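Enquirer: what shape does this take:
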Amino acid sequence: MDRLSITINLVRRGVQLETYICPLCKKTNETIQHLFINCVVVWDACERWIGTAIIRHYSILSHYHHFCLPMLTKNGNHLWKIMWVTIVTKTWAHRNKVVFRNGIVDNVEIFSLAHIRR
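Expert: This is a model prediction of the structure:
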């Protein structure tokens, strides 16, 4: 994860940036944990979308392992974990659009991109 070009990693590599703030929520420094676990633009929208609160861990691996619903079967939760990976992947793509192509922050777009297509 330290290879991802988020602001905190770029600063560690000596890259000078105008800001270290998360480009999505603009509330705190952008770190891996913030972007993929705690960014309110992403995860508050996710909670509204699925209709339940998500336990937010400090560790991305713990966050992934606990992203499940007790009422689902093992196969249902496997699909749910695929959705987690999709949300994280689309969050990264949307973040890059905002940072590198002057895109507009849009949590609806993240979830539109995350829909499973047939």
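
Enquirer: who's in contact with the residue lying closest to Thr31 once chain neighbours are set aside?
Expert: Distances taken as Cβ to Cβ, 6 or more residues apart in numbering put Ile8 closest to Thr31, at 4.9 Å, once the chain neighbours are dropped. Backbone N, C-alpha and C define where each C-beta goes, glycine included. Residues near Ile8 by Cβ atoms under 8 Å, 6 or more residues apart in numbering: Tyr20, Asn29, Glu30, Thr31, Ile32.

Enquirer: of those residues, just the buried ones, ChimeraX syntax please.
Expert: One line in ChimeraX is enough to select the buried ones among the contacts of Ile8; burial here means 16 or more other Cβ atoms under 10 Å:
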select :30,31
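
Enquirer: which regions of this structure sit below the pLDDT cut-off?
Expert: Applying pLDDT under 70 to the chain flags the ranges 1-3, 113-118.

Enquirer: please enumerate the helices of it.
Expert: Secondary structure of the chain (DSSP state H): helices located at 7-12, 32-33, 40-50, 60-65, 74-100, 107-114.

Enquirer: find the centremost residue of this protein, please.
Expert: Computing the C-alpha centroid of the chain and ranking residues by Cα atoms, centre = their mean puts Phe36 first, at 3.4 Å.

Enquirer: so how far is Leu24 from Gly51?
Expert: Separation of Gly51 from Leu24 (Cβ to Cβ, to the nearest Å): 22 Å.

Enquirer: before we move on, what about Leu4?
Expert: 14 Å.

Enquirer: of those two, give the one with the bigger neighbour count.
Expert: Leu24 (22 against 13; other Cβ atoms under 10 Å).

Enquirer: now the phi/psi pair for the more buried one, please.
Expert: Phi and psi for Leu24, reported as degrees, to the nearest 10, are phi -90, psi -50.

Enquirer: then His57?
Expert: The phi/psi pair for His57 (degrees, to the nearest 10) reads phi -90, psi 160.

Enquirer: quick thing: my sequence starts at 46, can you match it?
Expert: Got it, first residue is 46 now, which makes that one His102.

Enquirer: now it: how far from Asn152?
Expert: Using Cβ to Cβ, His102 is found at 21 Å from Asn152.
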